[in-house]
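Novice: Below are the sequence and a predicted model; questions follow.
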Amino acid sequence: MNLNENFKGGLLITSGMLILAITDNYVRFISEDIGLWQFHLIRSLIAVPAMILFANLRSYDFWPKNLKLVALRTAILVLAMFIYFGSLAFFPISQVAAGLFTSPIFVIIFSVLFLGERLYFSRIVAVFLGTVGIFIVLGINVLDLSFLSFIPIASGAFYALASLALRRWCYNETATSIMLIFFLGMGIVAAIMTFLIEVNQFFEIFMISKTFLTFPLKIPSEQTFYIIIGHAIGSILGGILITAGYQKGETSFVSVFEYSFLLFATLWAYMFFAEFISSIVLFGMILIVTSGFLISLSEKKNNFS
């Protein structure tokens, strides 16, 4: 893999994470208005037609060449997101987020086991530092972890598989077609979850508290609707950039750039929502940045050796 291609892939992913970090920060404003699944359903209803229209205007292929493989990759990614959001009902957000961001570790493991990529010590150290940084930034106490705490980590494992599948199965697909199928998949899951919640509420099968995860259908406010539109557009742009990044660079290299999401999300929250960044959080961010720098040096050394 060419070094320049790796860095181009990393830059694309970093750009995508910047967009997603900005849009995700505004989800907090809708959590008291509508539910998570309604949010995903509306977002997909906006994103899918928008992507088809955009692809037609630009003469892009919006339908996959191999629908079966793209759909399988989408199913893996949707499962990762389903575990991630489902875990929010049972675990603190810090543990759930940390579970998802263990994906680079699984990317390296799966790359070695399934793709035959070489295992470099510096790459292992880099991902370890990044993971430690994630734990510090999110304020996780390792001593508080239990067996059940590892359930959210499954989201990281499936996310890693989806990343590898993207590189392995979808290298000749357009980013637009991959994202279109992803939004369709998320929309289908959201529609099913919304239907189940509505059925449960109508027949009173289970008594569940109304939270962001379990809210029934509601008419969103004007502000909420605008936020969802913005999030849909941001998700399309960010998702396409991330998809293109994984297609261009080596998976185990470019996946580390996903750590930039926490940097951008935290900095955006500080600049626009006055959320204070403590020194320990700053230290965690430095570890995350260092991990990306080390893995870059590792790739440069191996390309010129």
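Specialist: Yep, it's here. Numbering: from 1, shown residues only.
Novice: From now on I want contacts and neighbour counts done on CA atoms only, so please keep to that.
Specialist: Noted.
Novice: pretty sure S177 is touching L67, no?
Specialist: No. With contact defined as CA atoms under 8 Å, S177 does not reach L67; the gap is 9.4 Å.
Novice: more neighbours, these two?
Specialist: Higher neighbour count among S177 and L67: S177, with 22 against 15, using other CA atoms under 10 Å.
Novice: Quick check: that one vs T211, distance?
Specialist: Relative to T211, S177 is positioned 33 Å away (CA to CA, to the nearest Å).
Novice: what does G284 give?
Specialist: From G284 across to T211, the span is 31 Å (CA to CA).
Novice: Give me the mean pLDDT for the host helix or strand of I229.
Specialist: Secondary structure from DSSP states H and E places I229 in helix 222-248. Per-region confidence: helix 222-248 scores 90 on mean pLDDT.
Novice: following it, which helix or strand shows up next?
Specialist: Per DSSP H and E, the first helix or strand lying C-terminal to helix 222-248 is helix 251-254.
Novice: how distant is that following helix from the center of its chain?
Specialist: Averaging C-alpha coordinates over helix 251-254 and over its chain gives two centres that are 15 Å apart (CA atoms, centre = their mean, to the nearest Å).
Novice: now swap in stretch 237-246 and tell me
Specialist: On CA atoms, centre = their mean, the centre of stretch 237-246 falls 11 Å from that of its chain.
Novice: got the CA coordinates for that stretch in CSV?
Specialist: What follows is stretch 237-246 as a C-alpha-only set of coordinates in CSV (Å, rounded to 0.1, in the frame of the first residue of the first chain):
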residue,chain,number,x,y,z
LEU,A,237,-20.9,13.9,3.7
GLY,A,238,-19.1,12.5,6.7
GLY,A,239,-20.0,8.9,5.8
ILE,A,240,-18.9,9.3,2.2
LEU,A,241,-15.6,10.7,3.2
ILE,A,242,-15.0,7.9,5.8
THR,A,243,-16.1,5.3,3.3
ALA,A,244,-13.7,6.7,0.6
GLY,A,245,-10.9,6.8,3.2
TYR,A,246,-11.3,3.1,4.0
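Novice: Let me know how buried M17 is, in neighbour terms.
Specialist: Taking other CA under 10 Å as the definition, M17 ends up with a neighbour count of 27.
Novice: cool, R118 as well?
Specialist: 10.
Novice: And what about the residue nearest to it when sequence neighbours are not counted, helix, strand or coil?
Specialist: Leaving out its chain neighbours, the residue that sits closest to R118 by CA to CA, 6 or more residues apart in numbering is V112, at 6.4 Å. Recorded secondary structure, V112: helix (DSSP: H, G, I helix; E, B strand; the rest coil).
Novice: Thought D61 was touching I178, still the case?
Specialist: No. I178 is beyond contact range of D61, at 10.2 Å (criterion: CA under 8 Å).
Novice: From the neighbour counts alone, determine which of the two ranks first.
Specialist: For I178 against D61, the residue with the higher neighbour count under other CA under 10 Å is I178, and the figures read 25 against 15.
Novice: Which element, helix or strand, includes the more buried one?
Specialist: I178 is part of helix 175-203 when elements are defined by DSSP H and E.
Novice: can you tell me how far P64 sits from S155?
Specialist: Per CA to CA, P64 is found 25 Å from S155.
Novice: Show me which of these two is the more surrounded one.
Specialist: When neighbours are counted by other CA under 10 Å, S155 comes out ahead of the other of P64 and S155, with 30 against 21.
Novice: Next, the contact list for the more buried one, please.
Specialist: For S155, the contacting residues are L79, A80, M81, F82, I83, Y84, G99, L100, S103, by CA atoms under 8 Å, 6 or more residues apart in numbering.
Novice: Including distance to V132, neighbour count and secondary structure, could those go into TSV?
Specialist: TSV is the format used below for the contacts of S155 (distance: CA to CA, whole Å; neighbours: other CA atoms under 10 Å; DSSP: H, G, I helix; E, B strand; the rest coil):
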residue	distance to V132	neighbour count	secondary structure
L79	25	20	helix
A80	22	24	helix
M81	22	18	helix
F82	25	15	helix
I83	22	20	helix
Y84	20	23	helix
G99	12	24	helix
L100	14	22	helix
S103	13	28	helix
